[in-house]
Structures are given as structure tokens and as C-alpha cells.
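Asks: Fold the following, please.
(one chain, ligands or ions: 1)
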Amino acid sequence: MPDSPSIETLRRQFDAELAQVAAEDDLRALRDRYLARKGGLVSSLLKAVATAPAAERPALGKLANEFKQAAEAAIAERQAAFDAARAPAGSVDVTLPGRRPAIGHRHPLTVVRDEVEAIFVRMGFSIVEGPEVEDDWHNFEALNMPPEHPARDMQDTLYLATPLPGAPAARDGGAPRRATLLRTHTSGMQIRYMEAHQPPVRIIAPGRVYRRDNLDPTHTPMFSQVEGLVVGEGISLADLKGTLFAWAREIFGRDTRVKFRPSFFPYTEPSAEMDVSCFACGGAGRQEDGSGCSVCKRTGWLEVLGCGMVHPALFEAVGYDAERYTGFAFGMGIERIAMLRYGVDDIRSFYENDRRFLEQFPL
Ligand code: DAH
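Replies: Numbering: from 1, shown residues only. Predicted coordinates for the structure are as follows:
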């Protein structure tokens with residue numbers, strides 16, 4: 001038989017349980033437990049009140065009904081709060097953490113190129129750039145490359161089907177040739193610059209070059225070079241060595257040693273290839289644990305550029321006095337330096353635009 005203290009107790013219990021409700025599911029369970037028409041605690045209470053002695057019935061009935069109304073109102077209020085908190089379909093949840101804006105990266109080839117440029121600029125070089133669509137004269141002829149030179153072959157060089165009209169005609173002894181091509185190296189910039197400027201010359205010329213190569217881990221039909229040219233009175237092989245040694249120590253580290261191997265290029269005499277001591281193994285050819293160095297293939301040396309003293313034929317081609325001036329030139333591949341530097345074993349990675357690759361390099 002219900003009495004007013006037991007109704008009060010039930011009501012306080014309801015209030016306590018309502019305060020514990022955290023989610024809509026909890027509220028639904030609470031409503032069922034108290035207000036379900038069959039078996040709900042409040043419904044049972046009302047039924048029990050009906051059987052109470054007539055004298056107590058009105059007071060108990062009033063108490064029980066007040067409880068029922070209060071419980072219904074409280075539950076409705078919580079339900080309204082849940083409804084209001086629920087985000088409308090398609091709305092933005094402004095409480096989600098923000099997405100960090102992606103910060104752009106310099107491409108690894110740009111990082112290396114910037115660094116190479118900065119070193120030469122500190123040594124007083126100017127940076128010049130020229131056309132990627134080049135003529136036979138600048139790319140080959142004026143660089144003392146005879147007509148039968150293998151690099152001029154269709155097999156190696158990408159020629160335009162129709163030569164551009166303005167191109168100077170190259171004469172291989174006989175008929176003038178106006179071939180237009182995608183430059184195969186940046187060396188043509190030596191000619192372009194000397195045609196337009198008098199000595200002294202101290203330039204580097206970075207840029208893209210093109211060859212008829214198929215893609216493989218060490219070849220791409222387009223890649224990047226940096227050309228260098230110094231011309232003046234009394235420029236000697238010692239200047240070449242000193243300049244390139246200083247450069248090598250800047251880019252590969254203070255302890256770098258260099259070595260010049262005799263080589264051949266039509267535009268330099270003498271010609272050399274410069275090797276630097278391997279920065280990975282310090283020139284030992286093997287790592288501390290005795291295993292072979294994979295960067296230099298156990299040789300202790302890395303081949304990094306071609307160079308030499310400017311061939312007098314170039315001075316004649318551009319109208320410099322070959323008796324008065326001497327100079328040196330060099331050319332290097334940026335991809336190769338980047339591959340050595342960062343341990344990249346496939347040149348194609350530089351051109352695939354895979355952000356997982358690109359984001360591994362310094363900003
Ligand atoms: N042109 C050469 C190449 O593409 C690189 C080169 C070698 C440039 C010797 C030079 C040089 O200026 O003197 O492989």
C-alpha cells in the first residue's frame with residue numbers, strides 16, 4: 001500500500017536517475033521504467049493508489065498525479081534538449097578539430113639547384129637562363145662538335161620536324177643546316193652568353209635538357225643541368241680546380257676531397273671528369289661495420305661533373321680573341337647530385353609527383 005513517504009522516495013529516485021541520463025538511450029529506458037503504461041513504476045503506483053482507503057485516496061492520488069506530470073514534463077524537457085543538440089542533416093560540426101593547411105614544398109631538384117646556385121653566387125657568378133628549344137649552332141656546331149659527332153645523331157637528340165625560321169644556319173662544310181632541337185645539354189649557353197657579352201665572364205646556366213632516352217631507373221628524356229663558364233685573361237686550370245673544389249666542399253661537406261680524371265669533350269681541352277670522395281663512407285668504400293658502401297659502389301669516389309679548359313674553337317666561334325683569353329667550363333646533372341645526396345635510387349621518382357616522396361625533403 002503506498003503512502004506519501006514512499007511516493008516521495010520514488011520521486012527522489014526518479015530525479016536522481018534522470019540526473020544520470022547521458023544519452024537518448026538512457027532517457028528512453030528511464031521513460032519505460034517509470035511511465036510505461038504496463039508495468040511502469042508510476043503507472044503501478046497510480047493503480048495502487050486506487051485501492052487505498054477512501055480517506056487517504058484523494059491526497060495520495062494528488063501526490064501521485066503530480067509526480068506523474070512532473071516526470072512527464074522532465075522527460076519531455078530532456079528529450080527537447082537532445083533534439084536541439086542533434087545536428088541537422090548535412091550541417092557542419094564546428095567542434096571538429098581543424099585540418100592543418102598543407103604547406104607547399106620545394107621540389108628536391110629545386111632544393112639542390114638552389115643550393116648549387118647559392119654557392120656559385122657567393123663566389124661571384126651570375127645566373128643566366130636560355131631557351132630549351134635550341135638551334136644546331138648553339139647546341140653543337142659552335143661547341144666544336146663536328147657533324148659526325150654521335151651526340152648529334154637522331155638517335156640521341158629530339159629534333160623538331162620543321163626547323164624554326166630564325167635559327168642561324170650551321171655549316172657542316174657543305175649545305176647550311178637549320179636544325180631546331182630540344183637542347184641536349186646546357187653547354188649552348190656558353191655560346192649564347194659569349195655572343196652577347198665581352199669578357200670577363202663568370203656565369204652559371206641552370207636548366208632543363210632533353211635526350212632521346214627511355215625511362216629507366218637512371219634515365220629520363222628530360223633532366224636538369226647546371227652549366228658553368230669562366231673566361232678572362234690568365235684563367236688557368238688551377239682556377240678550375242680551386243673553384244670546383246670549393247664548390248664540392250660546400251655541397252658535399254668540409255672533408256670532401258676531389259680528383260680529376262682525364263676525359264674528352266669537344267668544347268674543352270684538356271677535359272676532365274671530377275670525382276668527389278664519397279660523403280657516405282668518407283672515401284673508404286665500406287661502412288664502419290665492414291659492409292660495402294652502396295652510395296659509391298665500394299669505390300670511395302662519386303662522379304659528379306664534366307669540366308675542362310674552354311677550347312679555342314669556341315672563342316673563334318663567338319669572336320673572342322683566343323690569344324688573349326682563356327677560360328674553364330663545367331657541367332653537372334642536378335638529378336644525379338640529388339640522387340647521391342638523398343639516397344634516391346630511381347630517377348623517375350623525381351617526376352612522378354607522389355607527395356609521399358616529395359614531402360620527405362627539406363622545405
Ligand atoms: N655537356 C656535358 C654533358 O651534357 C657536360 C659538360 C662537360 C659541360 C664538360 C661542360 C664541360 O661545360 O666543360 O654531359
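Asks: contact partners of stretch 291-303?
Replies: With contact meaning Cβ atoms under 8 Å, 6 or more residues apart in numbering, stretch 291-303 is reached by 259, 273-281, 283-287, 340, 343. C-beta here means a position set from N, CA and C on the backbone, and glycine is covered the same way.
Asks: and if you look at stretch 87-103?
Replies: Stretch 87-103 is contacted by residues residue 363 when judged by Cβ under 8 Å, 6+ apart.
Asks: Which secondary structure elements does the lengthiest helix in the chain sit against?
Replies: Scanning the chain for the helix with the most residues, using DSSP state H, yields helix 57-85. If you count contacts as 3 or more Cβ pairs under 8 Å, 6 or more residues apart in numbering; DSSP states H and E, helix 57-85 packs onto helix 4-20, helix 24-35, helix 41-50.
Asks: next one: the next helix or strand after that helix to chain centre, how far?
Replies: Per DSSP states H and E, the first helix or strand lying C-terminal to helix 57-85 is helix 108-122. Remark: helix 108-122 is offset 16 Å from the chain centroid, using Cα atoms, centre = their mean, to the nearest Å.
Asks: so which of the helices and strands packed on helix 57-85 gets nearest the ligand?
Replies: helix 24-35 (72.6 Å; Cβ to the nearest ligand atom).
Asks: want to throw the helices and strands packed on helix 57-85 into JSON lines with mean neighbour count and mean pLDDT?
Replies: Shown next, in JSON lines, are the helices and strands packed on helix 57-85 (neighbours: other Cβ atoms under 10 Å; pLDDT from 0 to 100):
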{"stretch": "helix 4-20", "mean neighbour count": "13", "mean pLDDT": "92"}
{"stretch": "helix 24-35", "mean neighbour count": "15", "mean pLDDT": "93"}
{"stretch": "helix 41-50", "mean neighbour count": "16", "mean pLDDT": "89"}
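Asks: Can I get those in CSV including distance to the ligand?
Replies: Listed next are the helices and strands packed on helix 57-85 as CSV, based on distance: least, Cβ to the nearest ligand atom, whole Å:
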stretch, distance to the ligand
helix 4-20, 79
helix 24-35, 73
helix 41-50, 92
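Asks: Figure out which of these is closest to residue 244.
Replies: Of all these, it is helix 24-35 that lies closest to residue 244, at 75.3 Å by Cβ to Cβ.
Asks: by contact count, what packs against the closest one?
Replies: Short answer (3+ Cβ pairs under 8 Å, 6+ apart): helix 24-35 packs on helix 4-20, helix 41-50, helix 57-85.
Asks: Looking at the stretch 1-150 of the chain, which residue is nearest the ligand?
Replies: Going by Cβ to the nearest ligand atom, the ligand is nearest to residue 143 of the stretch 1-150 of the chain, at 8.3 Å.
Asks: Tally up the residues packed near that residue, please.
Replies: 24 (other Cβ atoms under 10 Å).
Asks: backbone phi and psi for it, please?
Replies: Note on residue 143: backbone dihedrals following degrees, to the nearest 10 are phi -90, psi 20.
Asks: Roughly how far does the closest residue to it other than its chain neighbours sit from the ligand?
Replies: For residue 143, ignoring the flanking residues on the chain, the nearest one in space by Cβ to Cβ, 6 or more residues apart in numbering is residue 267 at 4.3 Å. Distance, residue 267 to the ligand, by Cβ to the nearest ligand atom, to the nearest Å: 6 Å.
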